[in-house]
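> quick one, fold the following:
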Amino acid sequence: MSLEMEFIIQGMNNNNNTPVSQEPNIVHQKKAFENNLHKVQAFHSSEPIQLNIGGKKFSTTLDTLTKYKDSFFSVMFEGNFALKPCKDGSFFIDRDGTHFHYILNYLRTGELILPQNKSHLIEMLLLEAEFYQIEELIVKLGGKAASSKQAPSELLFDSTILLQDKPSLSTQLHEWAGCQSKAVVSTQSTGSKSNKGKKVETSASSTPSKVSTQLEKASKADWEAAIEEADMKTKEALKALQCAKDKIDGLNDQLIQERETFENLKSKLCTTHYPSQVILNIGGKKFSTSIDTLKKDGNNFFGAMFSGLHEVTPDKEGAYFIDRDGEHFRHILNFLRTGELIFPEGDKVLRKELFKEAEFYQIEGIIELLKPPSFFPDSSILEGKHEFGEVLNRWISSSSSTPKVWRLLYKGTRDGFTSAVFHQRCDNQGATYTLFKLGTNIFGGYNPYSWNSSNTSSNGSGSFLFVLSNSQGTAPTQYFNQNAAYGPYNYASNGPSFGAGYDLTFSNKNISFSQGYYSAPSSVFCSSSSGTINEVEVWV
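Presented below is the predicted three-dimensional model:
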């Protein structure tokens, strides 16, 4: 506080000419002034610290950052690490800065103010609070803080604490070892009548004959009582020693834990603080990180990009441009930083978009986490086209039913393309999906009944042909049977066929099309009326 301010306050206190009615108001003004002065001292610094958290800039003070002594920032700025700021003077930390203002405001004020009903935000903040090791904030967010630590002074061995409410251990040990200058054995009421109430004393200067005479006078009962008392004291001493050992073991474990905590923070500093940064421009959105982070998930897109085998040139602002949507890239980047993927679970659109981006960047960890369930496992026709499996299930199932996982009965490239093998594997197996691949076109048919070799047509009710994709860009479409008398065709000399041999006929890799009893124009399957397929699969 400046001398001028002290003088003003003193004048306010000592002004005897102030009317009594104005004194409460002056006291209030004084308290308000002192409160504001304290805020200025706490929140104003002539040397603010600039932080760059994943590309977002924050200004604060060293006192704010080091408010909690065991936190990431306290270790970072305690002077044991060589910290180098970026060219702009900021300290770069490779973490997501989207929600860091909540962390920083908590360090400033001790209060955590969040929007309501934001469980996803709380989950993200807890992850960041655990990284920065701010234990009070971890507890507020519902996490589990590390076990409380003793102050360094409490790590000293204190025998007065260990032996509280007990005689001095050292005195007892000397006494039991016979090292005192005098040993006193008190006789009990159970002793002999002649010695009752007396004491038998021996001194260090006593001669052996005198000691022997005195000991002979003590009755057997006296000695048994003395031995029992000594035994009890020995047990107490052993218990105290065990207590001391447990205390030392506990302190040793705590020292090990504190060392591990320190090494953990040191490791975080080594992996998240860099004197320089890599700036990515993902479709117009800027992200700051490090090359080590980008290359963390194995042989991904960024590993190839920054391998040195390709010349990559930043733009005028120093950013590397990648022509992808940057809307959800922070989730990709956070996974590379932390190994965890956190996003609103109920957002199916976001899930699909993230999966597509992860496939582009080849982030295997995210691909495994978000990979849709395979309803047609090991299908070479639907490989990489998980959405087609969802479509096929949706066409034959109610929205409330559990999606079916289908079983492969027949595969042309595995089992052979002959009609005999098809009927051997597929007859009398129940309702099936048949998938064909012809060039880039994927199409087929659904038979709600079992295949057989009766050379007759099954009822066409419930059956349909379909296209999943073709060269014309047709969206997945069903084409239903229009004459129930001519549905799936069970001809022994053919493979899976539909429409009494008209609409779709398959035999020995050859397939032909002709619109007959289904609503599908033949052109949606193939540009010509026939062709040679690449693959056929029948699923039950």
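
> buried ones in whichever strand or helix holds Leu280, by neighbour count?
Counting by DSSP states H and E, the element that carries Leu280 is strand 278-282. By 16 or more other CB atoms under 10 Å, the buried positions in strand 278-282 come out as Val278, Ile279, Leu280, Asn281, Ile282. C-betas here are computed from N, CA, C, even on glycine.

> given it, what are its sheet partners and their directions?
Using DSSP bridges, the strands paired with strand 278-282 are strand 285-289 (antiparallel), strand 319-322 (parallel).

> buried stuff in the longest one?
Taking 16+ other CB under 10 Å as the basis for neighbour counts, the residues of strand 285-289 that come out buried are Phe287, Ser288, Thr289.

> what element comes up after that strand heading to the C-terminus?
Scanning onward from strand 285-289 (DSSP H and E), the first element met is helix 291-294.

> and that following helix, what other elements does it pack with?
helix 301-305, helix 329-338 (3 or more CB pairs under 8 Å, 6 or more residues apart in numbering; DSSP states H and E).

> hey, which of those helices is tucked in deepest?
When the helices and strands packed on helix 291-294 are scored by mean count of other CB atoms under 10 Å, the highest mean neighbour count falls to helix 329-338 (a mean of 21).

> how about residues contacting it?
In this structure, residues lying in contact with helix 329-338 by CB atoms under 8 Å, 6 or more residues apart in numbering are 54, 94-96, 98, 127, 131, 272, 280, 282, 285, 287, 289, 293-294, 296-297, 340-343, 354, 357-358, 361, 363, 365-366.

> which ones among those residues lie within helices?
Among the contacts of helix 329-338, the members falling in helices (DSSP state H) are Leu127, Phe131, Thr272, Thr293, Leu294, Leu354, Glu357, Ala358, Tyr361, Gly365, Ile366.

> looking at the buried residues of strand 278-282, which is nearest Asn105?
Set against Asn105, the nearest of the buried residues of strand 278-282 by CB to CB is Ile279 (26.3 Å).

> which residues does the closest one contact?
Counting by CB under 8 Å, 6+ apart, Ile279 has contacts Gly55, Lys286, Phe287, Ser288, Pro314, Glu317, Gly318, Ala319, Tyr320.

> still on that earlier bit, how about a markdown table for the strands paired with strand 278-282, with mean pLDDT and distance to Asn452 added?
Shown next, in a markdown table, are the strands paired with strand 278-282 (pLDDT from 0 to 100; distance: least, CB to CB, whole Å):
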| stretch | mean pLDDT | distance to Asn452 |
| --- | --- | --- |
| strand 285-289 | 92 | 59 |
| strand 319-322 | 92 | 56 |
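
> now the ones you listed as JSON lines including distance to Glu224?
Below are the strands paired with strand 278-282 laid out as JSON lines (distance: least, CB to CB, whole Å):
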{"stretch": "strand 285-289", "distance to Glu224": "80"}
{"stretch": "strand 319-322", "distance to Glu224": "91"}
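
> so which of those comes closest to Pro496?
The nearest among those, by CB to CB, is strand 319-322 at 45.1 Å.

> just the CA atoms of the closest one, as CSV, please.
What follows is strand 319-322 as a C-alpha-only set of coordinates in CSV (Å, rounded to 0.1, in the frame of the first residue of the first chain):
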residue,chain,number,x,y,z
ALA,A,319,-0.1,-23.1,-40.9
TYR,A,320,-0.4,-26.4,-42.8
PHE,A,321,-3.6,-26.5,-44.7
ILE,A,322,-5.7,-29.7,-45.0
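
> buried residues, that strand. List them.
So for strand 319-322, counting by 16+ other CB under 10 Å, buried means Ala319, Tyr320, Phe321, Ile322.

> so Thr474 sits right up against Val524, yeah?
Yes. With contact defined as CB atoms under 8 Å, Thr474 and Val524 form a contacting pair (5.8 Å).

> nearest to Asp427, of the buried residues of strand 278-282?
Distances from Asp427 to the buried residues of strand 278-282, taken as CB to CB, are shortest for Ile282 (54.0 Å).

> ok so, going back, among the strands paired with strand 278-282, which comes closest to Ser59?
strand 285-289 (16.5 Å).

> distance of the most centrally placed residue in the chain from Tyr449?
By CA atoms, centre = their mean, the chain has its centre lying nearest to Glu340, at 4.5 Å. Separation of Glu340 from Tyr449 (CB to CB, to the nearest Å): 49 Å.

> next one: Pro476
On the measure of CB to CB, Pro476 and Tyr449 end up 23 Å apart.

> hmm, back to that, for ChimeraX, write the select line for the buried members of the contacts of helix 329-338.
A single ChimeraX command selects the buried members of these (16+ other CB under 10 Å):
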select :54,94,95,96,98,127,131,272,280,282,287,289,293,294,296,297,341,342,343,354,357,358,361,363,365,366
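
> quick revisit: now render the buried residues of strand 319-322 as CSV, adding distance to Arg394.
Below are these laid out as CSV (distance: CB to CB, whole Å):
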residue, distance to Arg394
Ala319, 42
Tyr320, 41
Phe321, 39
Ile322, 34
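
> show the backbone phi and psi for Ile49.
When read as degrees, to the nearest 10, the backbone of Ile49 gives phi -100, psi 130.

> which residues touch it?
Here Ile49 is in contact with Ser59, Thr60, Thr61, Leu62, Leu65, Phe91 (CB under 8 Å, 6+ apart).

> most neighbours of all the residues you listed, which one?
When neighbours are taken as other CB atoms under 10 Å, the top entry among the contacts of Ile49 is Leu65 (22 neighbours).

> find the nearest non-adjacent residue to it, please.
Sequence neighbours aside, Phe73 is the residue nearest to Leu65 in space, at 3.9 Å (criterion: CB to CB, 6 or more residues apart in numbering).

> name the element the one you found belongs to?
Per DSSP H and E: helix 72-76 holds Phe73.

> then Ser59?
Applying DSSP H and E, one finds Ser59 within strand 56-60.

> what are the contacting residues of that strand?
The contact list for strand 56-60 (CB under 8 Å, 6+ apart) reads 48-52, 90, 97-98, 100-101, 104, 107-108.

> what pLDDT, on average, does the helix holding Phe73 get?
Confidence over helix 72-76, taken as the mean pLDDT, stands at 86.

> buried sites along that helix?
Those would be Phe72, Phe73, Ser74, Val75, Met76, for helix 72-76 by 16+ other CB under 10 Å.

> possible to save those residues as JSON lines with distance to Thr413?
Converted to JSON lines, the buried residues of helix 72-76 look like this (distance: CB to CB, whole Å):
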{"residue": "Phe72", "distance to Thr413": "56"}
{"residue": "Phe73", "distance to Thr413": "60"}
{"residue": "Ser74", "distance to Thr413": "63"}
{"residue": "Val75", "distance to Thr413": "60"}
{"residue": "Met76", "distance to Thr413": "59"}
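
> coming back round to it: report the two of the contacts of Ile49 separated the most.
Thr61 and Phe91 (13.2 Å).

> what residues are shared contacts of Thr474 and Val524?
Common neighbours of Thr474 and Val524 (CB under 8 Å, 6+ apart) are Val467.

> look at the two and report which has more neighbours.
Val524 (19 against 15).

> which residues touch Ile122?
Leu114, Leu141, Gly142 are the contacts of Ile122 under CB under 8 Å, 6+ apart.

> count the neighbours of the closest residue to the second one other than its chain neighbours for me.
If I follow you right, that is Leu141. In space, and not counting its chain neighbours, Leu141 is closest to Leu126: 4.3 Å by CB to CB, 6+ apart. Residues near Leu126, counting by other CB under 10 Å, number 17.

> then Gln472?
With other CB under 10 Å as criterion, Gln472 counts 10.

> repeat for Leu438
What Leu438 shows, counting by other CB under 10 Å, is a neighbour count of 19.

> least confident secondary structure element in this protein?
helix 159-162 (a mean of 36; mean pLDDT, DSSP states H and E).

> picking up where we left off before, quick one: distance of the strand holding Ser59 to the chain centre.
25 Å (CA atoms, centre = their mean, to the nearest Å).
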